[in-house]
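Participant: Build me a model from this:
(one chain, ligands or ions: 1)
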Amino acid sequence: MESLLGVFNGEFLPVNDIKISPMSRAYTFADAVYEVVPYIKGKAIALDLHLNRLRRSCEAIQLNVDISIVEKEIQELAYQVLMNDNGYIYYQLSRGTDAVRNHLYANDLTPESFGYATLIGKSNNQQIAKIVSDIRWGRCDIKSTALLANVMLMNQASIEGCNEIIMHRDGYITEAGSSNIFIVKDTKILTPPKDSRILAGITRELLLQNFSQSFNILEEPCHLDLLTEADVVFLTSSTKGMLVIDEIQNNAYSFNQNNDLFTQLRAAFNNFLETAF
Ligand SMILES: Cc1ncc(COP(=O)(O)O)c(C=O)c1O
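Facilitator: The predicted structure follows:
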């Protein structure tokens, strides 16, 4: 397979040609944060919001990086690879390379950066979710590359015939494996409130900022019981947009294909993505 175009510490090259030390703290501790910036027909969606979130993630882990350089590299990758296509840029910033593995980092490490661009095709997979206990750490608001809990939960779900997870803490829904969750019920659309138990998704933010009044979208604690009676459960992320959950394992939920509130919101949101940026 042809190698994707990447950028490593400012140098643009195929990702297969990048060489990184095993003493990089990205490798030993996942001491790193990241972003995924979506492009539709070659246009970045909400680039400023993504860069601001990256800035906040860096501040949260006390990583000092010039985000204007990141912005230029993201734009260059997109220019070279995405042109007029749909795709995304992955970009991560990590602490740097240690002389010897040590939880305490030296203050003079040079941060490392790595990004790549790739196209996205359309997927028509049915989304079948498994409800699982949220076993992640207490700072899910930081977009950290340390995602082992998500990896474990999603792969166990996959072994059991599901391709998504809906996580909860003490019966209250947090989010899905790599997206936020919304529940349509009668005249309301509910989503769990923003706190350290979830990642504040940019797609979630765009929906709330632009459509909460016209579509009655509310941030409220969402108990698992809501799923059974829901008209539509859908996920949001930069790469998925708004994606319906078709089935939830061991749950009576069924997707109501004729739900007007959802259908209208999805049309309005897709139109917004095509026209607002
Ligand atoms: C755990 C988690 N929640 C939510 C999201 C959605 O965030 P965004 O809409 O910014 O892509 C992601 C995206 O990667 C995620 O990993």
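Participant: quick one: the strands in the stretch 51-200 of the chain?
Facilitator: 87-94, 112-119, 128-133, 164-169, 172-176, 180-185, 188-191 (DSSP state E, counting those that start in this stretch).
Participant: and those as JSON lines, adding mean pLDDT, distance to the ligand and mean neighbour count?
Facilitator: For the C-beta atoms, the positions are set from N, CA and C on the backbone; glycine is no exception. Compiled in JSON lines, these are given as follows (pLDDT from 0 to 100; distance: least, C-beta to the nearest ligand atom, whole Å; neighbours: other C-beta atoms under 10 Å):
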{"stretch": "strand 87-94", "mean pLDDT": "98", "distance to the ligand": "9", "mean neighbour count": "23"}
{"stretch": "strand 112-119", "mean pLDDT": "98", "distance to the ligand": "15", "mean neighbour count": "20"}
{"stretch": "strand 128-133", "mean pLDDT": "98", "distance to the ligand": "13", "mean neighbour count": "19"}
{"stretch": "strand 164-169", "mean pLDDT": "98", "distance to the ligand": "9", "mean neighbour count": "22"}
{"stretch": "strand 172-176", "mean pLDDT": "98", "distance to the ligand": "5", "mean neighbour count": "22"}
{"stretch": "strand 180-185", "mean pLDDT": "98", "distance to the ligand": "5", "mean neighbour count": "22"}
{"stretch": "strand 188-191", "mean pLDDT": "98", "distance to the ligand": "11", "mean neighbour count": "20"}
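Participant: Asn9 is nearest to which of the ones you listed?
Facilitator: Taking C-beta to C-beta as the measure, the strands of the stretch 51-200 of the chain were each checked against Asn9, and strand 112-119 came out nearest at 5.9 Å.
Participant: Can you list the helices and strands that the closest one packs against?
Facilitator: Using 3 or more C-beta pairs under 8 Å, 6 or more residues apart in numbering; DSSP states H and E as the contact test, the elements touching strand 112-119 are strand 5-8, helix 67-81, strand 87-94.
Participant: Just name the most buried of those.
Facilitator: strand 87-94 (a mean of 23; mean count of other C-beta atoms under 10 Å).
Participant: Next, count neighbours for the one residue in the chain that gets nearest to the ligand.
Facilitator: Distances from the chain to the ligand, computed as C-beta to the nearest ligand atom, single out Gly201 as the nearest residue at 2.9 Å. Residue neighbour count, defined by other C-beta atoms under 10 Å, stands at 24 for Gly201.
Participant: Leaving out chain neighbours, which residue sits closest to it?
Facilitator: Nearest non-adjacent residue to Gly201, counting by C-beta to C-beta, 6 or more residues apart in numbering: Asn180, 4.2 Å away.
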